[in-house]
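Q: can't give you the sequence, but here's the structure:
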């Protein structure tokens, strides 16, 4: 995803269009109003809920579950990606409501952090998908390949690729005056702005939508075919979770990627009128808001939806949260009943499902 300032609302509202060879500004006051009123509220919402959810997952992974497998490594890195993405939102929220007051250096740094969080998040979702594919479809090979060491190595490479993908925005983004307001936006002083915008849009579509959807479709289709052969009561839960993961990712990211593609290539779709541009501007803002909210959903679909993880959450509540809350809420002082020990041993099929649930 491009940073929230790569398609600034102030710049959009004066985009010129040629009507019968007459140079006429395309005024878009609605986009500016939307950007200054709605975006700060949304960024604040995503910041609060995304920070709490991802911080809780990180706490459980490191304190209770520990890092024992490749899945844990990728899940922790996905949490770090979301947190990196989330921590830049207060700055963009203030900029959308007022103006950019944090200087050029912070503009470049925060643009890089924002985009590195986005790109790495997409990559780790792909790696988590591939990890589940190996665990279920190639279980024998997975015993050697799905180790913590390999997980760390691939994670380091993934972060390197994510930061490399963010370099252009770090280079071009700067603090500049737009319509009497300072903004952190791209300044293409020595290159073709149109070509660079097209390149960024294609890069975002490839990394943020096309590549993850291709990998998810292939891996999860193969996984489902294998699960259908698995005689276990957890089979239907696993298949349902797989569909949730794919559908949620598509719903959150497809609208934004389609919107920025349409606004970058309007001539190809005969959308080069002022009215079409104004509507696409609003569409980009709304769809970007939906896409940002995905970092709040990641902890739910990749962690909290799993049966094991829910047990760790209960343990975290009993050991850490409840004792502290009991100081202020006496009713919580009573101790929870001890969990009954179970001698149940999962079958081979359910061991495979543990990669999904």
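A: Received the coordinates, thanks. The structure presented is a predicted model; accordingly, all values stated were derived computationally and were not measured.
Q: C-alpha from now on. contacts and neighbour counts both.
A: Noted.
Q: residue 100 and residue 185 touch, don't they?
A: No - applying Cα atoms under 8 Å, one finds residue 100 not in contact with residue 185, separated by 9.7 Å.
Q: quick one: distance of the lengthiest helix in the chain to the chain centre.
A: Longest helix of the chain, by residue count under DSSP state H: helix 103-137. Helix 103-137 has its C-alpha centroid displaced from the chain centroid by 8 Å (Cα atoms, centre = their mean, to the nearest Å).
Q: ok so, going back, who's more crowded, residue 100 and residue 185?
A: Comparing residue 100 with residue 185 by neighbour count (other Cα atoms under 10 Å), the higher total belongs to residue 185, at 26 against 23.
Q: partner residues bridging that one?
A: Note on residue 185: beta-bridge partners by DSSP bridges are residue 174.
Q: distance between the ends of stretch 93-105?
A: 18 Å (Cα to Cα, to the nearest Å).
Q: stretch 63-74 too?
A: Its first and final residues considered, stretch 63-74 spans 16 Å by Cα to Cα.
Q: same deal with stretch 98-109?
A: Stretch 98-109 has its terminal residues 20 Å apart, counting by Cα to Cα.
Q: which outside residues touch it?
A: The contact list for stretch 98-109 (Cα atoms under 8 Å, 6 or more residues apart in numbering) reads 36, 94-95, 169-171, 173-175, 181-184.
Q: can you do 6 Å?
A: 170, 173-175, 181-184 (Cα atoms under 6 Å, 6 or more residues apart in numbering).
Q: out of those residues, which end up buried?
A: 170, 173-175, 182-184 (16 or more other Cα atoms under 10 Å).
Q: want to try TSV for these, with pLDDT as columns?
A: What follows is those, written out as TSV (pLDDT from 0 to 100):
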residue	pLDDT
170	88
173	88
174	88
175	88
182	87
183	85
184	88
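Q: report the two of those residues separated the most.
A: Across those, the longest distance by Cα to Cα is 17.5 Å; it joins 170 and 182.
Q: can you tell me the SS state at the residue most central in space within the chain?
A: The centroid of the chain falls nearest to residue 295 when counting by Cα atoms, centre = their mean (4.6 Å). Under DSSP: H, G, I helix; E, B strand; the rest coil, the three-state class of residue 295 is helix.
Q: relative to residue 47, how far out is it?
A: 9 Å.
Q: how about residue 230?
A: To residue 47, residue 230 is 40 Å away according to Cα to Cα.
Q: also residue 127?
A: Per Cα to Cα, residue 127 is found 25 Å from residue 47.
Q: mind listing what's buried along the longest helix of the chain?
A: Neighbour-count burial for helix 103-137 flags 104, 106-108, 110-137 (criterion: 16+ other Cα under 10 Å).
Q: element containing residue 252, please.
A: According to DSSP states H and E, residue 252 maps onto helix 235-264.
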